[in-house]
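Q: With the sequence up front, the predicted model follows.
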Amino acid sequence: MTHIFSRRLALIFGILLPLAETVRRWHQISAGTHFIFWLDDVLLGAMLLYAVWRTRVDFNDGQRFLAAAWGCSLGMGYFSFFGMLADPSRVESGPLPAEWVQVIVGAGLLLSVLALIGSLRPAVAR
């Protein structure tokens with residue numbers, strides 16, 4: 001994986017993650033309950049977008065922010081994915097079946113690992 005892959009995926013995750021989580025938890029947000037479970041994904045999206053912004057001109061300057069954002073994503077994804085596997089009855093799936101949510105979170109976890117690896121590799125000087 002390359003740093004370009006890591007940056008592009010950070011941009012995609014940074015936009016889609018808060019949007020998808022808002023759709024998934026809309027019933028809780030509109031009821032005013034458990035909004036903190038939604039806020040973590042918004043903060044993670046902001047971290048990823050900030051990392052993309054910091055790496056826009058000079059990758060080496062923002063590399064630590066990108067790696068940190070992917071590290072947070074990996075930690076959150078690990079907790080979420082294996083928590084769902086440990087107790088599938090507690091999966092908050094929203095409009096999707098619970099199994100789909102588990103597959104999507106698992107794929108996101110795998111992509112986070114690959115993006116973290118890409119973010120740690122040195123950029124090739126031009």
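A: Good, I have the coordinates.
Q: Now residue 56: phi and psi?
A: Dihedral pair for residue 56: phi -60, psi -40, per degrees, to the nearest 10.
Q: and it, how many neighbours?
A: Residue 56: 11 surrounding residues under other CB atoms under 10 Å. Heads up, the C-betas are built off the backbone N, CA and C, glycines and all.
Q: repeat for the one 10 residues further on
A: Summarising burial for residue 66: neighbours were counted as other CB under 10 Å, giving 26.
Q: swap in residue 16?
A: Residue 16: 12 neighbours (other CB under 10 Å).
Q: Which stretches in the chain count as helices?
A: Shown for the chain, the helices assigned by DSSP state H span residues 3-24, 26-31, 36-54, 59-86, 98-120.
Q: least trustworthy helix or strand in this protein by mean pLDDT?
A: helix 26-31 (a mean of 64; mean pLDDT, DSSP states H and E).
Q: So which residue is smack in the middle of the chain?
A: When the chain is reduced to its mean C-alpha position, the closest residue under CA atoms, centre = their mean turns out to be residue 73, at 4.6 Å.
Q: Quick check: closest non-adjacent residue to that residue.
A: Nearest in space to residue 73, with sequence neighbours left out and distances taken as CB to CB, 6 or more residues apart in numbering, is residue 112 at 4.5 Å.
Q: tell me the contacts of the closest residue to residue 98 other than its chain neighbours?
A: Leaving out its chain neighbours, the residue that sits closest to residue 98 by CB to CB, 6+ apart is residue 91, at 4.0 Å. Going by CB atoms under 8 Å, 6 or more residues apart in numbering, residue 91 touches 84, 98, 101-102.
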